[in-house]
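1. A structural model of the following input is requested.
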Amino acid sequence: MLNGGIYTVDAARSWAEAAAIDEGIIVAVGSNQYIRQFIGDATEVIDLDGRMAMPGIHDSHIHPLEGGYESVYCDVTEADSVDRLVGTLSACARRVEGEWLNALGLDWSLFGVDGPDNSILDGIADDRYIFVDGVDGHSALVNDKALRLAGIDENSEDPPQGVIERRKGSREPSGTLREAARDMVDKLRPPRDLATSIQAMRSAMQRMNALGITSVYDVWIGEHEMQVYQALEEAGELTVRVLGAITDDGVFERHSGEYLERVIRERGRYESDLISYDSIKIFVDGVVEGETAALLEPYKNADHLGTLNHSANDLQSRVQRFYDAGMQLHFHTMGDGAARAALDAIEYARDNGPAEHLELRHTLSHLGLIDPADMPRFAELNTGASFTLAWGTTDEWTYKLEMPVLGKERVKRLYPIRSVAEAGGMVLGGSDWNYGDLDPLISIEAGITRDDPYGPNSAGDFKVFDDETVNLETLIDAYTINGAWQIHAEEVAGSIEPGKRADLVIYDRNLFEIDPYEISEAQVDLTMFDGRVVYRRSSDTKE
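-> Now for the predicted structure:
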């Protein structure tokens, strides 16, 4: 590569004009004059022509297979009205055969805090089971036929760690199911077949590479996902580094009991130089919009604190078990109560576990709310803070779903990345795709501006997140070298330095030289993984 801006993300955060790569390894970084000595007759020369190159993106919290199924299931993500939602589902019902009509991407902000009534599904496919997964993945809308299959009716009690929403003035289920109640129907859906999932993951990797992503922390792993990754690697088609977190039993489990134990014991069968499964995912709580996120203070106008999926003793026991086995812990933590519970469990395990495991790098993800007293604990406990910053903007979701249940003062403190960074914590960037936007530049712009990168919304009386903005350098760190730290890969990835693998991305413009509000408009021209070009924009003619 010549004639850059190459932002190396080395210890000095230096810039270079050029770099040389040989057999997947970065062998030299420096000036054009210095690098030209490495050019031979068979060398491919990429003329950056002033464009910006930087290390490949690491997504610290993602569900690639779920994202790939956007091309398999009925995708209602773009449905911004009830009429459009019904129209999209109806079109899918006519096009797709089968006993189940599976859809994903339902926007809860169309309906308010109680969620929709399934009467909107009437007439779409009454002879089929309908499952419409929410954009957050924690709630779903199902039709009456699916409710009957799961045995959910007016006599049903809410399951532990779950909520069955009811029609106003009655106990009749509305069709909106949250957390473990959602699981009751989800587990009845037919299992995915391997061939379809391989194609879905292939599609997911193409989308990730097209956005500069070269490594991921896949945090919803079961044996099926392991088989998918292995098949793609054996076919020479794996184009991301993977740390996979096996989902613990409980809410959203992939396996339970002896099946889970076997998968954990035998995970090495599916591992390689590019894939590791030395991690466990635990769902500590739910989400704010369903009032299932665990809080330290009650929800506004409600006398409850949300839902902790495990008691303190149970969570400590689970964490201790996996910590002692040398596995990294990855936690879903949305509320400040959940963040404290997870940090307490990590601290307990470190105090009582083997000293050689103190270097394990655990992660709390999402982190909608964190109590100020817990900010310094991330650094103290060698634990990363993965923020889903695409959610941390002033938008309709904020005004319609978060403000009514949290109140203004707590909403102003959502996704406190700046506070954690200033307390010395290792901050990370995660998309939560397919439950969040995959494009890292959306989240990077959002982290700088805390404004909606998709465009203006209805006027509010204040800008919500002004105190929690961070700069571009911090966010690039979060998505590169900090991400490599998270998966113990900083010796081979995360920066453009001699000796490291050539995982990098080239943008069509220098992110440091444009207005922050234009960052999400930048385009990836080329992505390189392990020295191989895995994405090249078709309109790009500069290579």
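2. can I assume V76 is in contact with L104?
-> Yes - contact criterion CB atoms under 8 Å: V76 and L104 qualify, at 7.1 Å. All C-beta atoms are positioned from the backbone trio N, CA, C, and that covers glycine.
3. intersection of neighbour lists for these two?
-> Overlap of the contact sets of V76 and L104 (by CB atoms under 8 Å, 6 or more residues apart in numbering) consists of V132.
4. residue ranges of the helices in the stretch 401-543 of the chain, please?
-> Using DSSP state H, counting those that start in this stretch, the helices found in the stretch 401-543 of the chain span residues 403-406, 408-411, 417-422, 440-449, 472-479, 481-486.
5. Ramachandran angles for T393?
-> phi -130, psi 160 (degrees, to the nearest 10).
6. quick one: it from T449, how far?
-> 8 Å (CB to CB, to the nearest Å).
7. okay, those two: which has more neighbours?
-> Between T393 and T449, counted using other CB atoms under 10 Å, T393 has the larger neighbour count: 25 against 20.
8. Quick check: the more buried one touching G455?
-> No - when contacts are counted by CB under 8 Å, T393 is not listed as touching G455 (11.0 Å).
9. which SS class is the residue nearest to M334 when sequence neighbours are not counted?
-> Spatially, and ignoring its direct neighbours in sequence, M334 is nearest to A293 (3.9 Å; CB to CB, 6 or more residues apart in numbering). Using DSSP: H, G, I helix; E, B strand; the rest coil, the structure places A293 in coil.
10. and A293, what is it in contact with?
-> Neighbouring residues of A293 by CB under 8 Å, 6+ apart: 285-287, 306-307, 334-335, 337-338, 368-369.
11. 6 Å - rerun?
-> 285-287, 306, 334-335 (CB atoms under 6 Å, 6 or more residues apart in numbering).
12. what do you get for L364?
-> 331, 333, 339, 342, 385.
13. try D374
-> Neighbouring residues of D374 by CB under 6 Å, 6+ apart: 339-340, 343.
14. that older thread, between the contacts of A293, which is nearest N352?
-> D285 (23.7 Å; CB to CB).
15. quick revisit: for H63, find the nearest of the helices of the stretch 401-543 of the chain.
-> Short answer: helix 440-449, nearest of those by CB to CB, at 15.4 Å.
16. now that closest one: how far from the chain's centre is it?
-> 14 Å (CA atoms, centre = their mean, to the nearest Å).
17. Among the contacts of L364, name the ones in strands.
-> Members of the contacts of L364 lying in strands (criterion: DSSP state E): 331, 333, 385.
18. residues near the last one, how many?
-> Pointing back at A385 there. 30.
19. Check the gap between K408 and P416 for me.
-> 16 Å.
20. I meant H58, not that one.
-> Counting by CB to CB - H58 and P416 are separated by 21 Å.
21. So between these two, which is more surrounded?
-> When H58 is set against P416 and neighbours are counted by other CB under 10 Å, the residue ahead is H58, at 32 against 25.
22. what about the more buried one, helix or strand, and which?
-> Using DSSP states H and E, H58 sits within strand 57-62.
23. Which parts of this structure belong to which domain?
-> Here the domain assignment for the chain is 5-55+499-536, 72-186, 277-486, based on automatic domain parsing.
24. Make CSV out of these and add distance to L65 and mean pLDDT.
-> Converted to CSV, the domains of the chain look like this (distance: least, CB to CB, whole Å; pLDDT from 0 to 100):
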stretch, distance to L65, mean pLDDT
domain 5-55+499-536, 18, 97
domain 72-186, 10, 95
domain 277-486, 9, 93
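25. Save those as TSV, and put in distance to L243 too.
-> What follows is the domains of the chain, written out as TSV (distance: least, CB to CB, whole Å):
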stretch	distance to L243
domain 5-55+499-536	14
domain 72-186	20
domain 277-486	6
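26. how about the ones you listed, which one is nearest R262?
-> domain 277-486 (13.0 Å).
27. What's the end-to-end length of that closest one?
-> 13 Å (CA to CA, to the nearest Å).
28. Quick one: distance of it to the chain centre.
-> Centre to centre, stretch against its chain (CA atoms, centre = their mean), the figure for domain 277-486 is 11 Å.
29. for stretch 1-12, same thing?
-> That offset, for stretch 1-12, works out to 27 Å (CA atoms, centre = their mean).
30. what's the answer for stretch 226-246, then?
-> 17 Å.
31. Renumber starting at 45 from here on
-> Shifting the count to begin at 45 puts that one at stretch 270-290.
32. What residues sit buried inside it?
-> Applying a neighbour-count criterion of 16 or more other CB atoms under 10 Å, one finds 270, 272-277, 282-290 buried in stretch 270-290.
33. which pair in those spans the largest distance?
-> T283 and I290 (22.4 Å).
34. From R215, how far out is A224?
-> For A224 relative to R215 (CB to CB), the value is 18 Å.
35. Return the member of the ones in strands among the contacts of L408 nearest to H299.
-> Nearest to H299 among the ones in strands among the contacts of L408, with distances taken as CB to CB, is F375, at 18.7 Å.
36. Is it correct that the closest one is in contact with A385?
-> No - at 8.7 Å, F375 does not count as touching A385 under the criterion of CB atoms under 6 Å.
37. higher neighbour count, those two?
-> Using other CB under 10 Å as the criterion, F375 and A385 rank with F375 on top: 29 against 24.
38. number of nearby residues for the residue lying closest to the more buried one once chain neighbours are set aside?
-> Of all residues not flanking F375 in the chain, A386 sits nearest, at 4.3 Å (CB to CB, 6+ apart). For A386, the count of nearby residues is 31 (other CB under 10 Å).
39. Report the central residue of this structure.
-> D476 (1.8 Å; CA atoms, centre = their mean).
40. show me the contacts for that one.
-> D476 touches 105, 432, counting by CB under 6 Å, 6+ apart.
41. Against Q205, how distant is it?
-> Counting by CB to CB, the gap from D476 to Q205 is 20 Å.
42. go on, R285?
-> 33 Å.
43. do the same with I540
-> Distance of I540 to Q205, given as CB to CB: 44 Å.
44. higher neighbour count, those two?
-> I540 (27 against 21).
45. for that one, phi and psi?
-> According to degrees, to the nearest 10, I540 has phi -100, psi 90.
46. List the contacts of the nearest residue to it once chain neighbours are set aside.
-> Spatial nearest neighbour of I540, chain neighbours left out: T52 (4.4 Å); criterion: CB to CB, 6+ apart. Applying CB under 6 Å, 6+ apart to T52 gives the contacts 58, 60, 539-540.
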